[in-house]
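Engineer: just need the structure, nothing else, for what follows:
(one chain, ligands or ions: 1)
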Amino acid sequence: ALVTRRKRPLPPGPKGLPLLGNIYDVPKSREWLAYQHWSREYDSDVIYLNLAGTPVVILNSADAAYELFERRSALYSDRPKMTMLNDLVGCDWHFVFMGYGNRWRERRRVFHQYFHPSAAMQHRPRALRGARFLLNCLLDAPDDFMGHLRHMAGSLIIGVAYGLEVQPKDDPYVATAERALHAMAMAGNAGSFLVDSIPMLKYVPSWFPGAEFKRKAMEWKKSTTAMVEVPYKAVKRAIADGMAPPSMILSLLGTLDGNDESTHLEKLYSGVAAAAYTGGSDTTVSALGSFFLAMLLYPDTQRKAQAELDRVIGNDRLPDFPDERSLPYITAIVQEVLRWRPVTPLAVPHRLTSEDEYHGYRLPAGAIVVGNGWAMLHDEKRFPDPEEFIPERFLTPDGQLNSEMKDAELPAFGFGRRICPGRYLASASLWISIASILSTLEIYKPLDDRGNPIQPSGEYTTGLVTYPLPFKCGFKPRSRTAEELIRTAEFHLD
Ligand code: HEM
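Structural biologist: Residues are numbered from 1 along each chain as shown. Below you'll find the model as predicted:
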């Protein structure tokens, strides 16, 4: 007999319009809040949206993310196609936005060799040096604190990837990379370019009315190409001169033997190094920006952290990585920063490669699958008073790191096979920066003309990576000795 099985239902979600679906339901900013709201309204951790024909599935709980992104990772590790970014802006080297498959796997493997936990240990001296240089910058020109963060994050990655020294100010490598990042942010702004929905449009000549996007794309392509090629060529020159310090590129090129594959591999390596910059700079800047904001808004937390530092380090030296085990409150601050104001509230979208089923719902092949990291990190069952900055939530009552909360902030780094492969370097750099700053500097609200402390708005930008909107923040040495420690810190690498 012929059995006609009814199709399983799609997950719940707002009803939407014919054809356009939920295009007008999704707010233009801070979508993660709407997703969390719908998840409550429909009493389902999985929500379904139709964006003009593209199916989108939002996962709002750590359980759903674990079940689908981790346990069924073979199905959930692809990326949506980004025509504007990949084909027109020439970012097809960028494995963050690459489809799942051998090309991606090859790049991820190369990257991992230089950033897995013990490889990341070798980058600690650079991260330490960066943090100490940052202290000097914060003393010299406190108003430009976001600029200093950007410079520190950029020079750390440029150092690790290329071994290049970065100028303290107006560095050409940092400038080239920042121009490219700007171009990519514009091009990757999903939804703003019709060509992502209609890939055939990329064949329209650029003089054609309405083909503005192609003209923009050509400009942007110049910046992204420069980002891949300029520092790479500089290392090759240094190698030829016998002057190249250790770096990822130096050791990768050492494995080439000039055979037919070399050109292919050189392209691969230069692309992987550029991907490290794009993945690692904005994100670190955002996290440390949120840290400064938290210290302004929660002065008691700052005092508590400084009491721990004074007890463990004293005032005759600067913190270093071996102190990490004795400074659980600092580690808890790093975790809480990543939880309180997730850098990438929706991580980076994944794509489901073939139809699947979850809790009786049908998840269609080709659906964009978004992990709502923000909702997971603000789940009040796991994190009571989620809007408050409370590092103690990661500690036991006697002040040790709570093993039950180990890695609880992990959704901040994304999911499954696509989880951020730079997270060990990121955590190390955040930790040493935060420990060094708190041990030597007082972070405070500057006064306005009438002598009143200036309140930060606490507002954020929206987008793939979010930052606190510009705010005023003051930095001063905690003591004369602290100032001397900063001024006499060593910057050379062993
Ligand atoms: C606080 C700092 C950072 C945060 C919050 C962060 C967050 C993320 C997130 C959410 C993803 C997407 C994961 C997913 O698709 O599920 C990602 C991917 C990635 N990140 Fe990071 N990241 C940080 C720092 C770094 C650093 C320092 C590097 C480089 C050294 C880096 C390199 C990458 C790369 C290459 C990818 C693409 C992985 C892939 O698609 O396979 N990130 N990151």
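Engineer: need the pLDDT of residue 71.
Structural biologist: The confidence metric pLDDT takes the value 98 at residue 71.
Engineer: what about it, distance to the ligand?
Structural biologist: Distance of residue 71 to the ligand, given as CB to the nearest ligand atom, to the nearest Å: 15 Å. C-betas here are computed from N, CA, C, even on glycine.
Engineer: cool, residue 219 as well?
Structural biologist: Taking CB to the nearest ligand atom, one finds residue 219 at 25 Å from the ligand.
Engineer: and that residue, what is it in contact with?
Structural biologist: Residue 219 makes contact with residue 183 under the criterion CB atoms under 8 Å, 6 or more residues apart in numbering.
Engineer: state the distance from the residue in the stretch 151-300 of the chain positioned nearest to the ligand to residue 425.
Structural biologist: Going by CB to the nearest ligand atom, the ligand is nearest to residue 279 of the stretch 151-300 of the chain, at 2.5 Å. Applying CB to CB, to the nearest Å, the value for residue 279 to residue 425 is 10 Å.
Engineer: residue 102: neighbouring residues, count only.
Structural biologist: Residues within reach of residue 102, counting by other CB atoms under 10 Å, total 7.
Engineer: sorry, back to before: residue 419 is in contact with the residue of the stretch 151-300 of the chain closest to the ligand, correct?
Structural biologist: No. If you go by CB atoms under 8 Å, residue 279 and residue 419 don't touch, sitting 11.8 Å apart.
Engineer: and these two? which has more neighbours close in?
Structural biologist: Between residue 279 and residue 419, residue 279 has the larger neighbour count (other CB under 10 Å), namely 22 against 15.
Engineer: got the contact list for the more buried one?
Structural biologist: 96, 420, 422.
Engineer: tell me the phi and psi of it?
Structural biologist: Torsion angles at residue 279 (phi, psi; degrees, to the nearest 10) stand at phi -80, psi -30.
Engineer: need the residues of the protein near the ligand, please.
Structural biologist: Counting by CB under 6 Å from any ligand atom, the positions of the chain adjacent to the ligand are 95-96, 108, 111, 115, 157, 275-276, 279-280, 283-284, 287, 343-344, 347-348, 412-415, 418-422, 425-426.
Engineer: of those residues, grab the buried ones for ChimeraX.
Structural biologist: The following ChimeraX line selects those of these that are buried, judged by 16 or more other CB atoms under 10 Å:
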select :95,96,108,111,115,157,275,276,279,280,283,284,287,343,344,347,348,412,413,414,415,418,420,421,422,425,426
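Engineer: out of the residues of the chain next to the ligand, list just those in helices.
Structural biologist: The helices, defined by DSSP state H, take in 108, 111, 115, 157, 275-276, 279-280, 283-284, 287, 425-426 from the residues of the chain next to the ligand.
Engineer: quick check: the farthest pair among those?
Structural biologist: 108 and 287 (22.5 Å; CB to CB).
Engineer: which stretches of the stretch 51-200 of the chain have low pLDDT?
Structural biologist: 84, 88, 187-200 (pLDDT under 70).
Engineer: how near is the residue of it found nearest the ligand to residue 23?
Structural biologist: Nearest residue of the stretch 51-200 of the chain to the ligand: residue 96, at 3.8 Å (CB to the nearest ligand atom). Noted for residue 96: a distance of 26 Å to residue 23, by CB to CB.
Engineer: one more: residue 34?
Structural biologist: With CB to CB as the criterion, residue 34 and residue 23 are 13 Å apart.
Engineer: ok, those two, which is more surrounded?
Structural biologist: Taking other CB under 10 Å, residue 34 and residue 23 do not tie; residue 34 has more neighbours (19 against 15).
Engineer: and the gap between the closest residue to the more buried one other than its chain neighbours and residue 35?
Structural biologist: Leaving aside its sequence neighbours, residue 34 sits nearest to residue 27 (CB to CB, 6 or more residues apart in numbering; 5.3 Å). Separation of residue 27 from residue 35 (CB to CB): 10 Å.
Engineer: who has more neighbours, the two?
Structural biologist: Neighbours per residue (other CB under 10 Å) separate residue 27 from residue 35, with residue 35 holding more: 24 against 12.
Engineer: what's next to the helix or strand containing that one, contact-wise?
Structural biologist: Following DSSP states H and E, the helix or strand that holds residue 35 is helix 31-41. Counting by CB under 8 Å, 6+ apart, helix 31-41 makes contact with 12-14, 25-27, 45, 47, 58, 60-61, 345-346, 370, 372-375, 378, all of which sit outside it.
Engineer: pull out the buried residues from these.
Structural biologist: Buried among the contacts of helix 31-41 (16+ other CB under 10 Å): 12-14, 25-26, 45, 47, 58, 60-61, 345-346, 370, 372-375, 378.
Engineer: which stretches of the stretch 251-400 of the chain have low pLDDT?
Structural biologist: For the stretch 251-400 of the chain, no range has pLDDT under 70.
Engineer: now the strands for it?
Structural biologist: 350-351, 356-358, 361-363, 368-371 (DSSP state E, counting those that start in this stretch).
Engineer: so for the chain, the centremost residue is which one?
Structural biologist: Among the residues of the chain, residue 283 comes closest to the average C-alpha position under CA atoms, centre = their mean, at 3.5 Å.
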